[in-house]
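>>> need a structure here:
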Amino acid sequence: MSKGVLGIKLNFYAVVAFLLAMIGQWLPAFLVLAFVMAVEKDEWVTRQCMQAAFLGFIILVAGVLEGFAMGIISMLRNFGATLGNASGIITGVFDIFSWLLHILVLVLAIVGLSRAMRGQEANTPIVAGFADKAYGRIRPQPMYQPMQQPMYPQYPQQPMQQPMPPQQPMQQPPMPPQQPMQPPPPQQNMGGMPPAPPNGNI
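Below is the predicted model of the structure:
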């Protein structure tokens, strides 16, 4: 961890601020924050001390609300209002709320303290967003990737065959007209012999 202007490690201021928030000392926590902003002028340690001071401020607000409720109850009693068991129930509810809030702040301060001791970003829930907004920092939002669909093997697509034009029948050349067969010429009678009869009878 780097050292500041006074030669003190920067995370030391954050550790002190979270310790003060753990014990409910909101005013000393704000004084540490003011000192860091005025002297060290380091963004990281300023944001960590700011988170611790905001935790102490939560306890302060809870105490103010509890005192305001108790003041209303006492004022009603002074005017002669008969609250009966209602005052005890209201007081018990505020006491439980105050204890739960103190336990919550204690747990958050321990988480921030353990991270600040290692020189890491405290990222204290509830109050880390206020510290980032004070410095104009925008936290990156987690990106949710859509579920990937199963990949199926892609086969090469065959080109579409274009329809062949209808083939015209081959035209044969016209055949020449056949001439009628002429009967052979009559044989001449050789040696004066009579021709043979056509039926072969002699």
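>>> show me where this protein has helices.
10-22, 26-35, 43-78, 86-117, 128-134 (DSSP state H).
>>> tally of neighbours for residue 71?
When counting by other CB atoms under 10 Å, one arrives at 10 neighbours for residue 71. Placement of C-beta: from N, CA and C, glycine included.
>>> circling back: among the helices of the chain, which is the most enclosed?
Stretch with highest mean neighbour count among the helices of the chain: helix 10-22 (a mean of 23; mean count of other CB atoms under 10 Å).
>>> what's it in contact with?
1-4, 26, 28-29, 32-33, 35-36, 40, 42, 44-45, 48-49, 52-53, 55-56, 59, 105-106, 109-110, 112-113, 116-119, 122 (CB atoms under 8 Å, 6 or more residues apart in numbering).
>>> now it against helix 86-117, angle please.
170 degrees (axes from the mean of the first three to the mean of the last three CA atoms, to 10 degrees).
>>> and residue 39, what is it in contact with?
4, 5, 6.
>>> one more time with 7 Å
Residue 39 is in contact with residue 5, counting by CB atoms under 7 Å, 6 or more residues apart in numbering.
>>> and what of the one 3 residues further on?
Taking CB under 7 Å, 6+ apart as the criterion, residue 42 is in contact with 4, 10.
>>> give me the pLDDT value at it.
Looking at residue 42, its pLDDT stands at 87.
>>> give me phi/psi at it?
phi -110, psi 130 (degrees, to the nearest 10).
>>> quick check: it vs residue 109, distance?
21 Å (CB to CB, to the nearest Å).
>>> what of residue 132?
In this view, residue 132 and residue 109 are 18 Å apart by CB to CB.
>>> and for residue 40?
21 Å.
>>> count of neighbours near residue 25?
16.
>>> in space, what's closest to it - neighbours in sequence excluded?
Nearest in space to residue 25, with sequence neighbours left out and distances taken as CB to CB, 6 or more residues apart in numbering, is residue 56 at 6.5 Å.
>>> what pLDDT is listed against the one you found?
87.
>>> wait, it touches residue 23, no?
No - applying CB atoms under 7 Å as the test, residue 56 and residue 23 come out as separate, 9.1 Å apart.
>>> distance across stretch 112-132, terminal residue to terminal residue?
15 Å (CA to CA, to the nearest Å).
>>> hmm, who's touching it?
Stretch 112-132 is contacted from outside by 1, 11, 14-15, 18-19, 47-48, 50-52, 54-55, 108, 111, 139, using CB under 7 Å, 6+ apart.
>>> look up how far residue 98 lies from the closest residue to residue 59 other than its chain neighbours.
With sequence-adjacent residues excluded and distances taken as CB to CB, 6+ apart, residue 59 is closest to residue 24, at 4.9 Å. Per CB to CB, residue 24 is found 11 Å from residue 98.
>>> over to residue 55?
Distance from residue 55 to residue 98, by CB to CB: 15 Å.
>>> thanks again, I'm all set now.
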